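Trainee: Here's a sequence, model it:
(one chain, ligands or ions: 1)
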Amino acid sequence: MKPAPFAYTKARTLKEAVALLAKHKDDARLLAGGQSLIATLNMRLSAPELLIDINGVKGLDGIAKKGKFVEIGALARHAQVERSELIAKHAPLIALAMPHIGHPAIRNRGTFGGSIAFADPAAELPACLLALGAEIDIAGAKGKRKVKADAFFKGLFETALRPQEILTAVRIPAADKNTRAGFSELARRHGDYAIVGLAASARADGKGLADVRLAYFGVGATPVRATKAETALAAGNVDAAVAALDLDPPDDVQATGAVKKHLAGVLLRRVAKQLMEAR
Ligand SMILES: Cc1cc2nc3c(=O)[nH]c(=O)nc-3n(C[C@H](O)[C@H](O)[C@H](O)COP(=O)(O)OP(=O)(O)OC[C@H]3O[C@@H](n4cnc5c(N)ncnc54)[C@H](O)[C@@H]3O)c2cc1C
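Mentor: Predicted structure coming up:
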């Protein structure tokens, strides 16, 4: 299928992009890597009158350590993040997740901000942000604001972004020597969206773990934290954590809810092992 006709414009600055969004309101969509948007246009799931290309906006593609945080610009490509030594050192969970996002061609174009703004419930990065307690920077006609990942993912493909706002960057607490990260997913083929996945972070605390955060994806409309399992894992009991898994995944085209729940337990055992091993 071909998309419905649309006009195209290229914003050169953030200010220009914000002004264009404010002017065209619901008739416009931002175009970042196009890896999700173009498919929705071609399938006519979306028919905006105007695409505002933000790929030329300067200053939105950086990756930097700023104090105790790692900041990733919205336009940083997945491939750029995947190859970043700074990410490998200071944001190891993101580094573990990156190779699971689609295939190299998709990672060459797809952007970090596009994945977070699109908020596919089976996507890796939204769950990583939830596991890391990240913060999302947003700009709009009324100024700038920040939203915690815990409050950002609202429903199926629905986020705290208002229609005329732009996600500009994501801030992740930088890892230190006590930070532990774990990631695993089950997909039919490598690069497919996950049937179920788990992104996790924790802090080493003596021989055990503290501040355990388990964020599942592919188990509902948004990434979901398994808080009872987090408590059990922090107490050092993996079997109890699996038994406490407070998830109720619905059936979808990939698997039944019962299968997903079983797989969530399998992933928890794998990820618990990663969290408990010092790197
Ligand atoms: C075959 C295939 C397989 C894939 N597999 C996976 C996978 O396994 N895991 C995964 O996570 N993803 C997967 N993807 C999607 C990929 O990660 C996309 O890059 C990502 O979902 C969207 O990023 P994008 O930059 O391409 O955004 P676009 O497609 O350009 O935009 C997506 C949506 O986000 C909005 N948007 C984009 N940037 C911003 C911004 N800065 N502020 C506000 N709104 C914005 C757009 O208006 C649009 O509504 C796959 C894609 C394809 C085609």
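Trainee: Give me the phi and psi for Asp246.
Mentor: Per-residue torsions, Asp246: phi -90, psi 70 (degrees, to the nearest 10).
Trainee: cool, Ala210 as well?
Mentor: Here Ala210 shows phi and psi, under degrees, to the nearest 10, equal to phi -130, psi 170.
Trainee: Kindly tell me how buried it is, as a neighbour count.
Mentor: If you count neighbours by other CB atoms under 10 Å, Ala210 ends up with 12. The C-beta positions use only the backbone N, C-alpha and C, and glycine is treated the same way.
Trainee: For it, give its distance to the ligand.
Mentor: 29 Å (CB to the nearest ligand atom, to the nearest Å).
Trainee: Quick check, pLDDT for Ala278.
Mentor: At Ala278, the model reports a pLDDT of 66.
Trainee: So which bits of the stretch 1-150 of the chain are right by the ligand?
Mentor: Remark: the part of the stretch 1-150 of the chain in contact with the ligand comprises 29-37, 39, 74, 101-102, 106, 110-111, 113-115, 117-118, 120, 123-125, using CB under 6 Å from any ligand atom.
Trainee: So which of those residues are in strands?
Mentor: Among these, the members found in strands (DSSP state E) are Arg29, Leu30, Leu31.
Trainee: Mark which of the residues of the stretch 1-150 of the chain next to the ligand are buried, thanks.
Mentor: Taking 16 or more other CB atoms under 10 Å as the criterion, what is buried in those is 29-37, 74, 101-102, 106, 110-111, 113-115, 117-118, 120, 123-125.
Trainee: Any stretches of the stretch 51-200 of the chain with poor pLDDT?
Mentor: Within the stretch 51-200 of the chain, no stretch has pLDDT under 70.
Trainee: how about the helices in it?
Mentor: Using DSSP state H, counting those that start in this stretch, the helices of the stretch 51-200 of the chain run over residues 78-82, 85-90, 92-97, 104-109, 112-118, 124-132, 149-152.
Trainee: highest average neighbour count across those helices?
Mentor: Each of the helices of the stretch 51-200 of the chain was assessed for mean neighbour count using mean count of other CB atoms under 10 Å. The highest is helix 124-132, with a mean of 28.
Trainee: what does that helix contact?
Mentor: By CB atoms under 8 Å, 6 or more residues apart in numbering, the surrounding residues in contact with helix 124-132 are 91, 93-94, 97-98, 100-101, 112, 115-116, 119-120, 134, 136, 149-150, 152-153, 170, 172-173, 183, 185, 194, 197-201, 213-217, 222-223, 225.
Trainee: Distance from the chain centre to it, please.
Mentor: Helix 124-132 sits 5 Å away from the centroid of its parent chain (CA atoms, centre = their mean, to the nearest Å).
Trainee: swap in stretch 68-86?
Mentor: Going by CA atoms, centre = their mean, where stretch 68-86 is centred and where its chain is centred differ by 13 Å.
Trainee: Next: stretch 27-36.
Mentor: For stretch 27-36, the distance to the chain centre is 17 Å (CA atoms, centre = their mean).
Trainee: Residues of the stretch 151-279 of the chain that sit close to the ligand?
Mentor: Leu161, Ile166, Leu167, Tyr193.
Trainee: at 5 Å instead, please
Mentor: Ile166, Leu167, Tyr193 (CB under 5 Å from any ligand atom).
Trainee: Format the residues you listed as TSV; extra columns: distance to Leu268.
Mentor: Formatted as TSV, those follow (distance: CB to CB, whole Å):
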residue	distance to Leu268
Ile166	36
Leu167	30
Tyr193	20
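Trainee: top of those by neighbour count?
Mentor: Those, ranked by neighbours (other CB under 10 Å): first place Leu167, 27 neighbours.
Trainee: for it, which residues make a bridge with it?
Mentor: Ile138 (DSSP bridges).
Trainee: so who does it touch?
Mentor: Leu167 makes contact with Ala74, Gly113, Ile116, Ala117, Ile136, Asp137, Ile138, Leu161 under the criterion CB under 8 Å, 6+ apart.
Trainee: Go through the helices of the stretch 51-200 of the chain and name the closest to Ala22.
Mentor: helix 112-118 (17.3 Å; CB to CB).
Trainee: Can I have the buried ones of the contacts of helix 124-132 as a ChimeraX selection?
Mentor: Provided next is the ChimeraX selection string for whichever of these are buried by 16+ other CB under 10 Å:
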select :91,93,94,97,98,100,101,112,115,116,119,120,134,136,149,152,153,170,172,173,183,185,194,197,198,199,200,201,213,214,215,216,217,222,223,225
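Trainee: No further questions, thank you.
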